[in-house]
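Trainee: Fold the following for me, if possible:
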Amino acid sequence: MSFSNKIIGGATGAILLATTMIVSLPEPAHADNAGAFVGGVMAARIGSNMRARTQAEQQQAYYAQQQAQQQQQPVQEAAPAPAEQTPQERLDQLDKLAAGGYITADEYKQKKQAILDEM
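Mentor: Now for the predicted structure:
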């Protein structure tokens, strides 16, 4: 049920209650705290709905701002590829690998020959 329907239903109920009280009382009706109570309940409900709506609008604005910032950030370009190594640099690196025990003597010979063949 929508909020406006709830208000209309509550107001209609209050009017019917007041009419019933007036008709059933032999003397004129006097104001009591019932009206203040109903008014307080309605004011509390309206205030609660307004706070919820304001909070929802603030969240929506926050997420829209975050999305806009993400779209504005430039895409980082990939790091440039390292420059091609010279045959001498490749042989030096191969010597370091062999001296450190990272490759076997047979692997060293094969890689060295491949580098020399490319020249």
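
Trainee: just so I have it, where are all the helices in this structure?
Mentor: Listed in chain order, the helices of the chain (DSSP state H) span 3-24, 33-72, 87-99, 105-118.

Trainee: how many degrees apart are the last one and helix 87-99 in direction?
Mentor: Spelled out, it's helix 105-118. Angle of helix 105-118 versus helix 87-99, following axes from the mean of the first three to the mean of the last three C-alpha atoms, to 10 degrees, is 180 degrees.

Trainee: which of the residues in helix 105-118 are buried?
Mentor: Neighbour-count burial for helix 105-118 flags 108, 111, 115 (criterion: 16 or more other C-beta atoms under 10 Å). Using the backbone N, CA and C atoms, a C-beta is placed for each residue, glycine as well.

Trainee: May I see these organised as a markdown table, with distance to Ile46 added?
Mentor: Formatted as a markdown table, those follow (distance: C-beta to C-beta, whole Å):
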| residue | distance to Ile46 |
| --- | --- |
| Tyr108 | 84 |
| Lys111 | 81 |
| Ile115 | 82 |
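
Trainee: export these to JSON lines and tack on pLDDT and distance to Leu91?
Mentor: Converted to JSON lines, the buried residues of helix 105-118 look like this (pLDDT from 0 to 100; distance: C-beta to C-beta, whole Å):
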{"residue": "Tyr108", "pLDDT": "91", "distance to Leu91": "10"}
{"residue": "Lys111", "pLDDT": "90", "distance to Leu91": "9"}
{"residue": "Ile115", "pLDDT": "88", "distance to Leu91": "6"}
